[in-house]
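[1] got a sequence here, can you build the structure:
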Amino acid sequence: MEPPAPRAFPPAEAGTLLIVATSAVIGAATLAGWAAGSATGGLVVGAVAGVPVGIVAVYRRYRGFFR
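    The predicted model follows:
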């Protein structure tokens, strides 16, 4: 019996996950900033924090493809 063929890396799925995770952090930080009185500040903090969160989310989901 042969092992199953490895699944191809899905770049569209990875890109979607990156965008969704980053946008979720940006949105949450913007809402928190708005509640604190500075939506722009929350947006900036969310953008700075959201990019690494998105990258980590993609890496954790697809780390098997990178080995």
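
[2] from here on, just use CA atoms for contacts and neighbour counts.
    Noted.

[3] count of neighbours near the nearest residue to residue 28 once chain neighbours are set aside?
    Closest residue to residue 28 in three dimensions, ignoring its sequence neighbours and counting by CA to CA, 6 or more residues apart in numbering: residue 46, at 7.4 Å. Residues lying near residue 46 (other CA atoms under 10 Å) number 24.

[4] same question, residue 57
    Burial measure for residue 57: 18 neighbouring residues, criterion other CA under 10 Å.

[5] likewise residue 25?
    Counted with other CA under 10 Å, the neighbours of residue 25 add up to 21.

[6] again, but for residue 10
    Neighbourhood size, residue 10 [other CA under 10 Å]: 10.

[7] ditto for residue 35
    11.

[8] how close does the residue positioned nearest the centre of the chain get to residue 26?
    Centroid-nearest residue in the chain: residue 54, 2.2 Å away (criterion: CA atoms, centre = their mean). Applying CA to CA, to the nearest Å, the value for residue 54 to residue 26 is 11 Å.

[9] distance of the residue nearest to the centre of the chain from residue 10?
    From residue 54 over to residue 10 the distance is 16 Å, taken as CA to CA.

[10] need the contact partners of the helix or strand encompassing the residue nearest to the centre of the chain.
    The secondary structure element spanning residue 54 is helix 39-62 (assigned by DSSP states H and E). By CA atoms under 8 Å, 6 or more residues apart in numbering, the list of residues contacting helix 39-62 from outside reads 14, 17-34.

[11] got any ranges where this protein has weak pLDDT?
    When residues are selected by pLDDT under 70, those of the chain lie in 6, 66-67.

[12] try 90 this time
    Per-residue confidence for the chain (pLDDT under 90) gives these ranges: 1-11, 62-67.

[13] next one: the residue nearest to residue 28 from residue 3, what distance?
    Computed with CA to CA, the distance linking residue 46 and residue 3 is 43 Å.

[14] what helix or strand is residue 33 located in?
    helix 11-36.

[15] what packs against that helix?
    Under the contact criterion of 3 or more CA pairs under 8 Å, 6 or more residues apart in numbering; DSSP states H and E, the helices and strands touching helix 11-36 comprise helix 39-62.
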